[in-house]
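Asks: just to be clear, the model below is a prediction. Sequence and coordinates:
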Amino acid sequence: MGEECDKSLPCKQEFSEWYNDILSVAEIMDVRYPVKGLYVWFPFGFSIRKRVYNMLRELLDTDHDEALFPLLIPEHEFMKEAEHIKGFEDEVYWVTNGGTTPLDINLALRPTSETAIYPMYKIWIRSHADLPIKVYQIVNTFRYETKHTRPLIRLREITSFKEAHTVHANWNEAANQVKKAIELYIEFYKNLAIPVLSSKRPDWDKFPGADYTIAVDSLMPDGRTLQVGTAHHLGDNFAKTFDIKYENKEGGQVYAHQTCYGISERCIASLISVHGDDKGLVLPPSIAPVQIVIIPIIFKDSSEVLEVCEKVKERLHGIGLRVELDSSDKRPGAKYYKWELKGVPLRIEIGPRDLKNNSVVIVKRNDSTKEIVHMSKLEETVQRLLDQVHQNLYSKAEEDLYSKIYKCADIESVDKHIQKGIVLIPWCGNKECGLELEERTGAGILGIPQNDESCDASKCTICQKETNINAYMARTY
Ligand code: A5A
Ligand code: ZN
């Protein structure tokens, strides 16, 4: 950390280098922690995280309750659900000792919290009147990932795991909840100006122990997709293993149906990657720690300019905005550089000429456009420009996403386009064809689109059978 801003970024076209560098240059994550897959949030990165997660909380709190369950899970609970164990056993960290004494019962560090929460749900749930239950927590989880680890993207300690766990009277209600969860995620990402695609994952890629999984993916600048959220229909699979039953209106004992859905700090990886540019971060105003920076342009006598800067700061602060006045003695150019790197959505410049005209200059971070604004219109203009920045960011990202979805009718055209982005293909839905597609292209099947997007073609690209099923494919993170 430090005040100097002489560090520079590779251009964004070199995405992988750009991504690694921006994390340290913009002070998001410190990657020097001496354990693989574990990283440190710098205070600035953490202040972004805080706002992003506050927003997520606000969305969830409209019809969920926040709770907090223990990190450690006893082995006998963890080992109850066969599919779930199969999915996670290679990724679990175990605590086996208390000091020098071996524990009677080994304890898993949660890789996700089904097996911590559901034994408690068994106790909590008695009758249909207790349902639905919609609880979430935001915690750290641990996964011994063997694929290449990457800050914010593939972690061994996921520090910001939001997991919701709901319980319902029947399968349809749970299915409805999965739909609502995905809608909530789409809205969350809209608030970050990130367009996402939702799709139903193929069976071989669903959450271990689930009936099915719906995921949302965002498109990274290198054409690969990042899974930034998932919602799982758990059916009564876990209810049966954890004995979660309730008394229905007729007095019978029936198994509950469950869902769970999660988001991690991948949302911040996506935020940085989708909007950032050669100069650094570009943050949507909704979550920018500083929304407006004021830069005094000083020649000889500074006192009058600074006075007006203070006044502008107060006026904007007065309407609830996060404003910073940079009155340090660096040159304006160096200040621009610093705050551009930090992604501040609007910059206000005030110099002697502006004083004379009773105006200020406002510059938008996302497209560098300038506007001269009369002092009497300050608040309304700033509000309008902040809204504009958000709209611009979303439209640009959306345009980029949809310009990189290629509708392909045959395997040759898949090969041709898959390096550039996402392809949409007709697929018969059979596993053999799906796996062959993945094998031949080196890409993954994301799944069946949940919007009405579809191909014109109707023959499975592998077996040529007629089908009305489509699937997205992409190279994935
Ligand atoms: N209990 C459910 C919610 C669950 O664990 N689902 S999940 O395994 O799909 O994880 C939820 C989300 O966390 C994923 O969609 C992905 O966006 C993110 N995630 C998973 N593993 C991660 C890792 N190692 N590092 C960062 N994020 C990860
Ligand atoms: Zn087929």
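Replies: Nice, thanks for sending it over. Ligands and ions are numbered 1, 2, ... in the order given.

Asks: can you tell me the strand partners of the helix or strand harbouring Ile372 and which way each runs?
Replies: Take DSSP states H and E as the rule and Ile372 turns out to sit in strand 370-374. With DSSP bridges as the test, strand 370-374 is paired with strand 359-364 (antiparallel).

Asks: tell me, how many residues neighbour Met79?
Replies: Met79 has 15 neighbouring residues, counting by other Cβ atoms under 10 Å. For glycine as for every other residue, the C-beta is placed from the backbone atoms N, C-alpha and C.

Asks: separation between it and Ile85?
Replies: 6 Å (Cβ to Cβ, to the nearest Å).

Asks: average pLDDT for the strand holding Ile372?
Replies: Per-region confidence: strand 370-374 scores 98 on mean pLDDT.

Asks: can I get that strand as CSV, trimmed to CA atoms?
Replies: Coordinates of the C-alpha atoms in strand 370-374 are reproduced here as CSV (Å, rounded to 0.1, in the frame of the first residue of the first chain):
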residue,chain,number,x,y,z
LYS,A,370,-17.0,15.9,-20.0
GLU,A,371,-19.8,18.2,-19.0
ILE,A,372,-19.6,21.8,-17.8
VAL,A,373,-22.3,22.2,-15.2
HIS,A,374,-23.6,25.4,-13.7
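
Asks: in it, which residues are buried?
Replies: Using 16 or more other Cβ atoms under 10 Å as the burial criterion, the residues of strand 370-374 that qualify are Val373.

Asks: quick one: Glu75 from Gly235, how far?
Replies: The gap separating Glu75 from Gly235 is 25 Å, by Cβ to Cβ.

Asks: more neighbours, those two?
Replies: The residue with more neighbours, out of Glu75 and Gly235, is Gly235; 19 against 16, by other Cβ under 10 Å.

Asks: how about the closest residue to that one other than its chain neighbours, what does it touch?
Replies: Of all residues beyond its chain neighbours, the one nearest Gly235 is Asp211 (4.1 Å), with distances taken as Cβ to Cβ, 6 or more residues apart in numbering. By Cβ atoms under 8 Å, 6 or more residues apart in numbering, the contact list for Asp211 reads His232, His233, Leu234, Gly235, Asn237.

Asks: state the distance from Asp211 to His233.
Replies: Taken as Cβ to Cβ, the span from Asp211 to His233 is 5 Å.

Asks: check Met29 too.
Replies: Met29 sits 34 Å away from His233, going by Cβ to Cβ.

Asks: quick one, grab the pLDDT at the residue nearest to Gly235.
Replies: On the pLDDT scale, Asp211 is placed at 98.

Asks: grab the nearest non-local neighbour of the closest residue to ligand 1 within the stretch 251-400 of the chain.
Replies: The stretch 251-400 of the chain approaches ligand 1 most closely through Gly262 (2.9 Å), counting by Cβ to the nearest ligand atom. The shortest distance from Gly262 to any non-neighbouring residue, by Cβ to Cβ, 6+ apart, is to Glu163 (4.5 Å).

Asks: what of Cys267?
Replies: Closest to Cys267 by Cβ to Cβ, 6+ apart is Val228, at 5.6 Å.

Asks: what about the helix or strand encompassing the one you found, average pLDDT?
Replies: Taking DSSP H and E as the definition, Val228 sits inside strand 225-235. Averaged over strand 225-235, pLDDT sits at 98.

Asks: tell me if that strand is near ligand 1.
Replies: Yes. Part of strand 225-235 sits near ligand 1 under the criterion Cβ under 6 Å from any ligand atom, namely Gln227, Val228, Gly229, Thr230, His232.

Asks: nice, that's everything, thank you.
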